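1. Provided below for reference: sequence and predicted model.
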Amino acid sequence: MTRTLLTGNAAAAWGARLARAEYVPAFPITPQTEIIEKLGGWIDAGEMDGRMVTLESEHSMITAAGAAAAAGVRVFSATSSQGLLYGMEMIYTVAGWRAPFVLVNVSRGLATPLTLESDHNDVLAARDSGFLQIHCSTCQEVLDSVLIAYRLAEDARVRLPVIVNLDGFYLSFTREPVAIPDPETARRFLPPPDPERAHFRASRPISQAVAVLGGGPYSYFRYEIHRAAQNALSVYGEVADAFAAAFGRSHGLFESYRTDDAEIVFFMMGSFATKAKAAVDCLRADGWSAGLLRPRLLRPYPDAEIAAALAGTRGVAVVDQNLSIGKGGVLYTELASALAARRDASPVLVSFIGGLGGRDIGAEEFFEMAAVTRKAAQEGRAPEPRLLYTATELREMRKLQSIALRERHQIGEIPPARRASARPEREERP
Amino acid sequence: MTETAFRRMNDLPSTHLLGGGTAMCAGCGGLQAIQEVYDVLGKNTVFVNAAGCMTLLSIYPFTPFRGSWLYTAMASAPAGAQGVRDALDILVEKGRIPPEENVQVVVLTGDGAAYGMGVSATSGAIDRNLDFLYICYDNEGYGNTGQQYSEATPHAARTATSSGPRGYPGYKKDLFSIWAAHRPAYVATVIGAEPLDLARKIETAARVRGPRLILALAPCPTGWDFEPRDTIEIGRLAVRTGVWPLKECVDGQVVHTKVRRPRLPVEEYLKRQGRFEHLFAPERKPEILDEIQARVDAYWQRVE
Amino acid sequence: MYCIRLHGRGGQGMKTASRILGSAFFEEGFEVQDAPRYGAERRGAPIFAYVRAARRPILERGIIRRPDLVVVADETLVPVSAAGVVQGVGPYTVLLIHSAEAPAVWKRRLKLGGEVFTLPVAPEDRADVPLIGASCAGAAARLVGEISRDALEEAIRSELVGMRAEVVAENLERALGAYDRLAPHAGCVREGDAEGVGPFESPDWIDLPFEDARISAPDIHAGGTSVQVRTGLWRTMRPLIDLEHCHRCAWVCSTFCPDGAIRVDDAGAPQIDYDHCKGCLVCVAVCPPHAIHAIPEEQAADAAAAENAA
């Protein structure tokens, strides 16, 4: 095992290499492209025994990935944002083929407006597809999760493709120390694909992905996918244990950071969750009882386990780096439904939408979210969902609008700049 | 032409490989062509299918194929073929399956996918020199949804979305030339009504490697509005009037494989189909008929 | 934790500089995070990269708001507000700038509380190979004081692997030269304090109001608004037209300028719009009588200042 500095993209490529991916259908899209460039470089240099084909679209890329996986080879692919959406028909389709492979998604906000920076609306659009989803918060986790994902996907009790998600820029282009497992240990952890899974042989014809007539057979096949995804919860536990035994790193269904006695818990996914950890450390240092719960496995969703982990928590600040237009945060909605099944544990949930399109979340915003959530817990009542957006940002927005709109009076009210002295004293100090 | 096993009609297979019991319409010209194609190709194949009428060949748990089948989606069957082809190559290379287990990869789509939504994936696959055979059954409209016009619909045909007195205002896209412009290994037009010509072309296509197109005009009793028993007759007329030239392209050279002289007037073909009925009744539309005839004549003038 | 920001222009090797510095810290046993900050900008446009290094796992992410050390490859970026060179600079922030002017001048000009050091700009910094990045990395390594000469050298070799031997040698020379030059100031950068909650300014969150779609869709209701973007700030070399030698052809430089930044006046004389000229020097290359030449931007600024003084 070597420890070296890798970007999240390079870590993803290393995961595919150590998993001995044999086939890589590809299509470039920012901020993912570095992954396929890296793999292409290794294959060209003879360092990796694989075949890479650049298709003419993500729709074709995911089709080819699913078809090759169905034919029995180990497939890796990667995409992002608009690319994932362009391939969305096939995301749903190949999941139903029960053809296991791993797709890395480098999260990036969706148009419109077009952006290059990160949020989770892209990967959440694939939420209901039948792909399992693992969400990463560090570059190390990206590499490890790709290996875990193959073993999970190929398990006979699951047989579903898996998306491993990392955030654009904050992970994709950021280098961090990453321990690269040695190939032999990786080989022992992840054996070659089951030769019995090779389809389309001359002697063993198969008609795959066949149409059905009527809701009965349809319901059967769809619900079986659901059952397989549910199986993935317990299978994941086994795989994570095996991973920890092999490599000494634990990656549970979710990460609990200082939650044991926490009254206030941040609930959020992805790389910004490490910022929440830093905030938790600061809050703890000042006597706050705060923690973080970070879902890793979003599909299947570990309802019972998450609800159990939050038993005893008084307030949860759910920070959604996504926006379901017309509804709000997706994590918030899902957590509420997970908790609704339990009568004993009912922390107050406060919904925050933050980090859209890569918008940073400052330390002081974490502190403020903690304060708001604690107040809500004390009062037993949650405030309205809050977009993390400041008057300063709106003033900047007005400047842009004054250029974009011919008539200055069209641009709407400009919030006054806050004067430090005018700021009311904060009430709750620890 | 090289050695062929199909010199006379008697050389054609008399028992058939593709199973009966499918959901295709009675008298389906596409299915009739696929029967002939499958007999020549054999069962060591995987048919990679795009959304269209033939998707319903396999309805769980029934399939007419003796070999394999994979349904993909409307736009990306050639990409599915890419994945299967590459995977089989990898498996054979690595000795994970013996070479005799290898199969030929065949894309099967209708004209909706072949002329429209699937062009990008097809162009990409040809460009990558994918070793595959593409079979298009061209019934000149979105047949499975009730025959709306497609990019393969001929001028003046009445469809569910071109039901005015002059029918479809556009002209049939020249898919043969679009393929040929990519310089693939082989491109040919066929029709089930000319089985010897079809068998020889499938034979040729199966012999070469690389991207290959078999474009089969598929007379469609349901969509074209004629009696199912007339399928073969309509097909023959398409050839004898010169509306459907039978040809192939090898190394950039286009050769017409069956040239009928003299050609019958196009009216003989058109008047047998309900979709062109409005050109004859309530009153004749000579300007449209003349234009169609002139276009067919101009084509043959260019090639002869 | 050390928080270091490196400012330069696209093409000056700031990403490589941040990686060299990151790798050098890593060699010394630090936990490290390094990243470039990309935008839509191109060669010559302001960019920055950053490095965090600590003896503990790094949980913080994203751009560095309060740097302990700011390294500036190109002094002409300082007045460019979009470059944000002095953003978040506090009383203990150390500034290293490549400039011919004295540290005291910069300290006074920018009203800085922290220490300021300068390194001279070498002529080869305008060359194709961006050696100035190596200089930035070497200087930063020394000012931090935690990085040995060997670790720096090792980091440069590992980051430049695959480059020609003479390129690596030149980079080593520049980086180690900067490193040695700043020996008297080794360790003058102090790690930012680990932040507790302490007294913090609560964010000025607002409730975003509904606004009419005519306003709130990303549409621009006017033409040519891009002229408000001063892409002239990307320029490091300034084309100058010698009107005495100009043939008054009235079209060559003007037609071939990719940015449409040369207009020909009524007398047939071309004029360069320096607000938007990016300094690509196509005009220099295409002028038939070679009547356009280029000079370094700061030289032009000096000349202008001298003219004003006179």
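-> Alright, I've got the coordinates.
2. from here on, contacts and neighbour counts on C-alpha atoms
-> Noted.
3. Residue ranges in chain B under the pLDDT threshold?
-> Counting by pLDDT under 70, chain B has low-confidence residues at B:1-2.
4. Quick one: the helices in it, in order.
-> Using DSSP state H, the helices of chain B run over B:29-41, B:77-93, B:111, B:119-127, B:175-181, B:195-207, B:231-240, B:266-270, B:286-303.
5. Would you mind giving these as TSV with mean neighbour count and distance to chain A added?
-> Output for the helices of chain B, formatted as TSV (neighbours: other C-alpha atoms under 10 Å in any protein chain shown; distance: least, C-alpha to the nearest C-alpha, whole Å):
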stretch	mean neighbour count	distance to chain A
helix B:29-41	21	13
helix B:77-93	26	4
helix B:111	28	19
helix B:119-127	20	6
helix B:175-181	17	16
helix B:195-207	20	16
helix B:231-240	21	27
helix B:266-270	19	35
helix B:286-303	13	33
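6. Now render those helices as CSV, adding distance to C:H276.
-> Putting the helices of chain B into CSV (distance: least, C-alpha to C-alpha, whole Å) gives the following:
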stretch, distance to C:H276
helix B:29-41, 63
helix B:77-93, 46
helix B:111, 52
helix B:119-127, 40
helix B:175-181, 44
helix B:195-207, 59
helix B:231-240, 64
helix B:266-270, 64
helix B:286-303, 56
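7. mind checking which of those is nearest A:G357?
-> helix B:119-127 (30.6 Å; C-alpha to C-alpha).
8. by contact count, what packs against the closest one?
-> helix B:77-93 (3 or more C-alpha pairs under 8 Å, 6 or more residues apart in numbering or on different chains; DSSP states H and E).
9. now the helix it packs on and helix B:119-127, what's the angle there?
-> Interaxial angle of helix B:77-93 relative to helix B:119-127 (axes from the mean of the first three to the mean of the last three C-alpha atoms, to 10 degrees): 30 degrees.
10. For helix B:77-93, give me every contacting residue.
-> For helix B:77-93, the surrounding residues in contact (C-alpha atoms under 8 Å, 6 or more residues apart in numbering or on different chains) are A:22-23, A:25, A:55, A:60-61, A:63-73, B:48-50, B:71-72, B:97-99, B:102, B:105-109, B:118, B:121-122, B:125, B:130-132.
11. Selecting buried members of these in PyMOL, what would you type?
-> Only the buried entries of the contacts of helix B:77-93 go into this PyMOL selection, using 16 or more other C-alpha atoms under 10 Å in any protein chain shown:
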select buried, (chain A and resi 22+23+25+55+60+61+63+64+65+66+67+68+69+70+71+72+73) or (chain B and resi 48+49+50+71+72+97+102+105+106+107+108+109+118+121+122+125+130+131+132)
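12. Surely A:V210 touches B:I59?
-> Yes: with contact defined as C-alpha atoms under 8 Å, A:V210 reaches B:I59; the gap is 5.8 Å.
13. could you pull out the helices for chain C?
-> With DSSP H as the criterion, chain C has helices spanning C:14-27, C:103-109, C:131-144, C:149-159, C:165-181, C:213-216, C:252-256, C:282-286, C:297-309.
14. okay if I get these as a markdown table plus mean neighbour count, distance to chain A and mean pLDDT?
-> What follows is the helices of chain C, written out as a markdown table (neighbours: other C-alpha atoms under 10 Å in any protein chain shown; distance: least, C-alpha to the nearest C-alpha, whole Å; pLDDT from 0 to 100):
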| stretch | mean neighbour count | distance to chain A | mean pLDDT |
| --- | --- | --- | --- |
| helix C:14-27 | 27 | 7 | 97 |
| helix C:103-109 | 14 | 26 | 95 |
| helix C:131-144 | 28 | 16 | 95 |
| helix C:149-159 | 19 | 11 | 97 |
| helix C:165-181 | 19 | 20 | 95 |
| helix C:213-216 | 12 | 6 | 87 |
| helix C:252-256 | 19 | 28 | 93 |
| helix C:282-286 | 18 | 30 | 95 |
| helix C:297-309 | 12 | 29 | 76 |
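15. Mind putting those into JSON lines with distance to B:T241?
-> As requested, those are exported to JSON lines (distance: least, C-alpha to C-alpha, whole Å):
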{"stretch": "helix C:14-27", "distance to B:T241": "69"}
{"stretch": "helix C:103-109", "distance to B:T241": "89"}
{"stretch": "helix C:131-144", "distance to B:T241": "75"}
{"stretch": "helix C:149-159", "distance to B:T241": "71"}
{"stretch": "helix C:165-181", "distance to B:T241": "73"}
{"stretch": "helix C:213-216", "distance to B:T241": "58"}
{"stretch": "helix C:252-256", "distance to B:T241": "57"}
{"stretch": "helix C:282-286", "distance to B:T241": "61"}
{"stretch": "helix C:297-309", "distance to B:T241": "75"}
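16. wait, which of the ones you listed is closest to A:R386?
-> Among the helices of chain C, the nearest to A:R386 by C-alpha to C-alpha is helix C:213-216 (19.1 Å).
17. taking the contacts of helix B:77-93 one by one, which sit in strands?
-> Using DSSP state E, the members of these that fall in strands are A:23, A:25, B:48-49, B:71, B:105-109, B:132.
18. so which of those also contact chain C?
-> Subset of the ones in strands among the contacts of helix B:77-93 in contact with chain C: empty, counting by C-alpha under 8 Å from any C-alpha of the partner chain.
19. Spatially central residue for the chain, please.
-> If you meant another chain, say so; for now it's chain A. A:H135 (3.1 Å; C-alpha atoms, centre = their mean).
20. wait, I meant chain B there
-> Closest residue to the average C-alpha location of chain B: B:A216 at 2.3 Å, with C-alpha atoms, centre = their mean.
21. partners of that residue in the sheet?
-> B:Y137, B:V190 (DSSP bridges).
22. How many residues are close by the closest residue to chain B within the stretch 301-430 of chain A?
-> Closest residue of the stretch 301-430 of chain A to chain B, C-alpha to the nearest C-alpha: A:S324 (27.5 Å). A:S324 has 14 neighbours, counted by other C-alpha atoms under 10 Å in any protein chain shown.
23. Verify the contact between it and A:Y332 for me.
-> No: assessed by C-alpha under 8 Å, A:S324 is found out of contact with A:Y332, at 10.5 Å.
24. a markdown table please, covering the ones in strands among the contacts of helix B:77-93 and showing distance to A:M369.
-> Below are the ones in strands among the contacts of helix B:77-93 laid out as a markdown table (distance: C-alpha to C-alpha, whole Å):
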| residue | distance to A:M369 |
| --- | --- |
| A:Y23 | 45 |
| A:P25 | 43 |
| B:V48 | 53 |
| B:N49 | 53 |
| B:Y71 | 49 |
| B:V105 | 57 |
| B:V106 | 58 |
| B:V107 | 56 |
| B:L108 | 57 |
| B:T109 | 56 |
| B:F132 | 58 |
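25. which pair in those spans the largest distance?
-> A:Y23 and B:T109 (25.5 Å).
26. how close does C:K111 sit to C:E75?
-> Distance of C:K111 to C:E75, given as C-alpha to C-alpha, to the nearest Å: 16 Å.
27. which of those two has more neighbours?
-> C:E75 (19 against 10).
28. The residue in the stretch 51-200 of chain C that chain B sits nearest to: neighbour count?
-> Closest approach between the stretch 51-200 of chain C and chain B, counting by C-alpha to the nearest C-alpha: C:G162, at 30.6 Å. By other C-alpha under 10 Å, 9 other residues sit near C:G162.
29. and C:Q228, how many neighbours?
-> Neighbour tally, C:Q228, other C-alpha under 10 Å: 10.
30. can you give me the helices in the stretch 101-250 of chain A?
-> Remark: helices assigned in the stretch 101-250 of chain A by DSSP state H, counting those that start in this stretch are A:121-124, A:139-154, A:183-189, A:215-247.
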